[in-house]
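K.L.:
just a sequence and a predicted model for now, questions to come.
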Amino acid sequence: MNLSHWFTEEVAATGTAFSLKITQKLHEEHSDFQHLEIYDTQTFGKLMTIDGCTMVSTRDNFFYHEMMSHPALFLHPNPKRVWIIGGGDCGTLREVLKHPNVEQVVQIDIDERVTRLAEVYFPELCESNKDPRAQLKFIDGIKWVKDALPNSVDLIIVDSTDPVGPAEGLFGERFYRDCVACLSDDGLLVQQSESALLHLKLIGEMREAMKKSGFSHLQTLFFPQCIYPSGWWSATIASKAALTFRQQDCEAKTFDTLYYNADIHHAATAQPEFFKKAFA
């Protein structure tokens, strides 16, 4: 935060920056894994940053959390067992638990302090933490997946930070092979895949690693995310089999969303021309 009371995330590699007007700093600490800060902003509510990068804000988190959960859940024919790798702010957990057919959700985040701070400063994201279907584990998600038995899970959601530090191993072929091994036959993996505008090379490397690991069907979704670099984000879904969007179930959903619906689902799968040419 500079002397003009702005939080600015500068990304030297892409020559970009994003700023929010700050009213006060609410908290700062170094956990065992990363540097955590909480701010109050003028227009986006609370803001959590990790190692100087924007992670979640009160105002726009619904784009990310809804798109990281509902598209994949409505693609799987009957998702009952879900793992969230990362997701410490618990917003994705809340969205997954809106689905009544889900029987168990295990959230595995290596840094417990992210969740404890979210409980204080983003309580609305943590309102389902006590759901009896939810388990919170503060351990290494990569090891959790590696040690899992075959057919252990229907959907793995990788709700991670950027591919540096603790999250770096979540973007490689070895991790994806372990995911393939423990997913059910209709199982899905969905992972945040950065900005297509700024990180196309990374998306290409992810997609190639997913294919090499045994996933035969890939779909990258696009959605707005104001506080992330470029304001345009993506998630990539990988599966071992072709799956069909359960549109009727989506249209008849019994829970509220702010962004996601059947029309948004279809729109998010539309591929920009440059993206189609890159991965034809």
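P.N.:
Good, I have the coordinates.

K.L.:
switch to C-alpha atoms for all contacts and neighbour counts from now on
P.N.:
Fine.

K.L.:
and the helices in the stretch 151-280 of the chain, which stretches?
P.N.:
Secondary structure of the stretch 151-280 of the chain (DSSP state H, counting those that start in this stretch): helices at 173-182, 200-213, 247-251, 262-268, 273-278.

K.L.:
just say which of those is most tucked in.
P.N.:
helix 173-182 (a mean of 21; mean count of other CA atoms under 10 Å).

K.L.:
packing partners for that one?
P.N.:
helix 141-146, helix 200-213 (3 or more CA pairs under 8 Å, 6 or more residues apart in numbering; DSSP states H and E).

K.L.:
could the C-alpha coordinates of the longest one be exported in PDB?
P.N.:
Okay, so that is helix 200-213. This file holds the C-alpha atoms of helix 200-213, laid out as PDB (Å, rounded to 0.1, in the frame of the first residue of the first chain):
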ATOM      1  CA  LEU A 200      -1.800 -18.300 -22.900                       C
ATOM      2  CA  LYS A 201       1.600 -20.200 -22.700                       C
ATOM      3  CA  LEU A 202       0.700 -21.400 -19.200                       C
ATOM      4  CA  ILE A 203      -2.700 -22.600 -20.400                       C
ATOM      5  CA  GLY A 204      -1.100 -24.500 -23.200                       C
ATOM      6  CA  GLU A 205       1.300 -26.200 -20.900                       C
ATOM      7  CA  MET A 206      -1.500 -27.100 -18.600                       C
ATOM      8  CA  ARG A 207      -3.600 -28.600 -21.400                       C
ATOM      9  CA  GLU A 208      -0.700 -30.600 -22.800                       C
ATOM     10  CA  ALA A 209       0.100 -32.000 -19.300                       C
ATOM     11  CA  MET A 210      -3.500 -32.900 -18.800                       C
ATOM     12  CA  LYS A 211      -3.600 -34.800 -22.100                       C
ATOM     13  CA  LYS A 212      -0.400 -36.600 -21.400                       C
ATOM     14  CA  SER A 213      -1.700 -37.700 -18.000                       C
END
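
K.L.:
okay, angle between that helix and helix 173-182 too, please.
P.N.:
Orientation of helix 200-213 against helix 173-182 (axes from the mean of the first three to the mean of the last three CA atoms, to 10 degrees) gives an angle of 40 degrees.

K.L.:
where in the protein is pLDDT low?
P.N.:
Scanning the chain for pLDDT under 70 picks out the ranges 1-3, 161-171.

K.L.:
look up how far residue 138 lies from the residue nearest in space to the middle of it.
P.N.:
Computing the C-alpha centroid of the chain and ranking residues by CA atoms, centre = their mean puts residue 159 first, at 3.1 Å. Relative to residue 138, residue 159 is positioned 14 Å away (criterion: CA to CA, to the nearest Å).

K.L.:
so what's residue 67 up against?
P.N.:
Counting by CA atoms under 8 Å, 6 or more residues apart in numbering, residue 67 touches 223, 235, 260.
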